[in-house]
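Asker: Please find the sequence and the predicted model below.
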Amino acid sequence: MSFEIISETQCFGGTQGYYRHAAETTKCDMRFSVFTPPQALDGPVPVVWYLSGLTCTEDNATVKAGFQRVAAELGLMIVCPDTSPRGDDVPDDEAYDFGKGAGFYVNATEAPWNTHFHMYDYVTRELPALIKEEFNADMNRQGITGHSMGGHGALTIFLKNRETFRSVSAFAPIVSPMNCPWGEKALTGYIGADRAAWADYDACALLESGGATEVNILIDQGLADNFLEGQLKPELFEAACEKVGQKVTLRRHAGYDHSYFFISSFIEDHLRHHADALK
Ligand SMILES: N[C@@H](CCC(=O)N[C@@H](CS)C(=O)NCC(=O)O)C(=O)O
């Protein structure tokens, strides 16, 4: 599969790389980052996917989450995709929470978004195929995490692909886009007004329809997060887990907000959570 190396830089004995490829699913050039730990020189290593939130690219987590030191210690490859299709041909919206930088990890069915906004297929199918072929990744050992919109992506993609992922975690996730303004706007715009179709991209609804999984889900949430009550509503996920008997460790942290200062404070715990499951 063809892809281009934008840059590769040594970091904690491994390699932090930025890459670009022509993606079929999103019909545009897509960028992504991969941290390859030093252990990959000796054989295939487990992969943790990190899905970012609104306004982000592949760069935000790569430069601000601080995952490289622990990923190098644990021998984890970290893949950070972009959050939407990009380029002059791709439609956009002037708001920060829709269009570019806000793909919501769905396959859009509504025009004009349905030509490029196939982030679900991109993240679950096209980019994994490239990672499998071009990097020393053990695709039988995959975990997924993410922040905010990316936390929604991680939870829903995990719940819809139970055979693919052995571990999942999230930072301040949108747990029920059907029940928050960010999600209602995105799902109406990308999927259409029929709310029945939205359930396929709602972690709470997917858990209730699909039942509990075997894994323990780790979620961290800051209590000084401006989006906590209006958008994130972790109590909805707690209730859904309770209903179906899903194990979840939901940690609420006084004083932490929605920023990468919060994520970088707890990223080590998340990577250890994944490494334990992916051993
Ligand atoms: N203050 C943000 C609101 C969106 C936001 O907080 N985005 C989070 C993800 S939901 C983020 O990580 N932003 C980029 C960053 O901090 O690097 C903006 O208007 O750009």
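Answerer: Looks like it arrived, so ask away.
Asker: What sits closest to residue 203 if chain neighbours are left out?
Answerer: Spatially, and ignoring its direct neighbours in sequence, residue 203 is nearest to residue 155 (3.8 Å; Cβ to Cβ, 6 or more residues apart in numbering). Heads up, the C-betas are built off the backbone N, CA and C, glycines and all.
Asker: Where does the one you found sit, in terms of helix or strand?
Answerer: helix 149-160 (DSSP states H and E).
Asker: Just after that helix, pick out the following helix or strand.
Answerer: Next along from helix 149-160, by DSSP H and E: strand 165-171.
Asker: Distance of the residue nearest to the spatial centre of the chain relative to residue 80?
Answerer: Taking Cα atoms, centre = their mean, the centroid of the chain lies closest to residue 51, which sits 2.3 Å from it. Distance, residue 51 to residue 80, using Cβ to Cβ, to the nearest Å: 8 Å.
Asker: Check which helices and strands the strand or helix carrying residue 189 is in contact with.
Answerer: Secondary structure assignment for residue 189, by DSSP H and E: helix 181-191. Judged by 3 or more Cβ pairs under 8 Å, 6 or more residues apart in numbering; DSSP states H and E, helix 181-191 is in contact with helix 195-198.
Asker: Can you name the residues in contact with the following helix or strand past the helix it packs on?
Answerer: Remark: after helix 195-198, the chain's next helix or strand is helix 203-210, criterion DSSP H and E. Outside helix 203-210, the residues within contact range by Cβ atoms under 8 Å, 6 or more residues apart in numbering are 152, 155-156, 159-160, 162, 173, 175-176, 178-179, 198-200, 236-237, 239-241, 243-244, 246.
Asker: Pull out the buried members of these.
Answerer: 152, 155-156, 159-160, 173, 175-176, 178-179, 198, 200, 236-237, 240-241, 246 (16 or more other Cβ atoms under 10 Å).
Asker: What residues does the stretch 101-250 of the chain have near the ligand?
Answerer: Contact residues (Cβ under 6 Å from any ligand atom) of the stretch 101-250 of the chain with the ligand: 147, 148, 149.
Asker: Run through the residues that contact the second one.
Answerer: What that stands for is residue 148. Residue 148 neighbours (Cβ under 8 Å, 6+ apart): 53, 54, 171, 172, 173, 174, 227, 232, 258.
Asker: Repeat the analysis, applying 6 Å as the threshold.
Answerer: The contact partners of residue 148, by Cβ atoms under 6 Å, 6 or more residues apart in numbering, come to 53, 172.
Asker: in the stretch 1-150 of the chain, what residue is nearest the ligand?
Answerer: Distances between the stretch 1-150 of the chain and the ligand by Cβ to the nearest ligand atom are smallest at residue 53, namely 2.6 Å.
Asker: Identify the residue nearest that residue in space, chain neighbours excluded?
Answerer: residue 148 (3.3 Å).
Asker: now do residue 237
Answerer: Residue 237's closest residue in space is residue 175 (Cβ to Cβ, 6+ apart), at 3.8 Å.
Asker: Go ahead and confirm residue 50 touches residue 80.
Answerer: Yes - Residue 50 sits in contact with residue 80 when judged by Cβ atoms under 6 Å, with a separation of 4.9 Å.
Asker: These two: which has the busier surroundings?
Answerer: Ranked by neighbour count (other Cβ atoms under 10 Å), residue 50 and residue 80 place residue 50 first, with 31 against 27.
Asker: next one: the helix or strand containing the more buried one to chain centre, how far?
Answerer: Here residue 50 sits within strand 45-51, counting by DSSP H and E. Here strand 45-51 is found 10 Å from its chain centre; the criterion is Cα atoms, centre = their mean, to the nearest Å.
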